[in-house]
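**Student:** Task: produce atomic coordinates for the following.
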Amino acid sequence: QVQLVESGGGLVQAGGSVRLSCAASRTIFFDDVVSWYRQPPGKQREFVASVAGSGKTNVTMSVKGRFSISRDIVKSIVYLQMNSLKPEDTAVYYCNARWLENNGDVDEDWGQGIQVTVSS
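**Tutor:** This next block holds a predicted model:
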């Protein structure tokens, strides 16, 4: 099982910025996809952003323009830069990885989650 270790969360004031990191214990190859999800209090987990090993990114509309995702292939780290934070961004943020194996199977791993709290 691949380990995904999240860091960078905490308490921030509205309007502030936070950068989350997700460190993977294996190389992120071209077709692998690492994503960030979040789960606000009392709500379901939702997709935030993803980046492939190729560099292709996808950011959900509700945070587009405020959040960005990037990856460091050498370090196998994926970052989620969150700017202009709002109280409604308060959630547990989870790192997710889908690995495309040589046989065509897709393996999936989740991080343990990290709390981000935005105060008003």
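
**Student:** ok, then the element right after the host helix or strand of Ile69?
**Tutor:** Secondary structure from DSSP states H and E places Ile69 in strand 67-72. Sequence-wise, the next helix or strand downstream of strand 67-72 (DSSP H and E) is strand 77-82.

**Student:** Against which helices or strands is that following strand packed?
**Tutor:** Using 3 or more CB pairs under 8 Å, 6 or more residues apart in numbering; DSSP states H and E as the contact test, the elements touching strand 77-82 are strand 18-24, strand 33-39, strand 46-52, strand 67-72. Where you see a C-beta, it was placed from the backbone N, CA and C, and this is true even at glycine.

**Student:** Please name the strands paired to it in the sheet, noting orientation.
**Tutor:** strand 18-24 (antiparallel), strand 67-72 (antiparallel) (DSSP bridges).

**Student:** Which among these is found nearest to Gln112?
**Tutor:** Between Gln112 and the strands paired with strand 77-82, the tightest spacing by CB to CB is seen for strand 18-24, at 10.7 Å.
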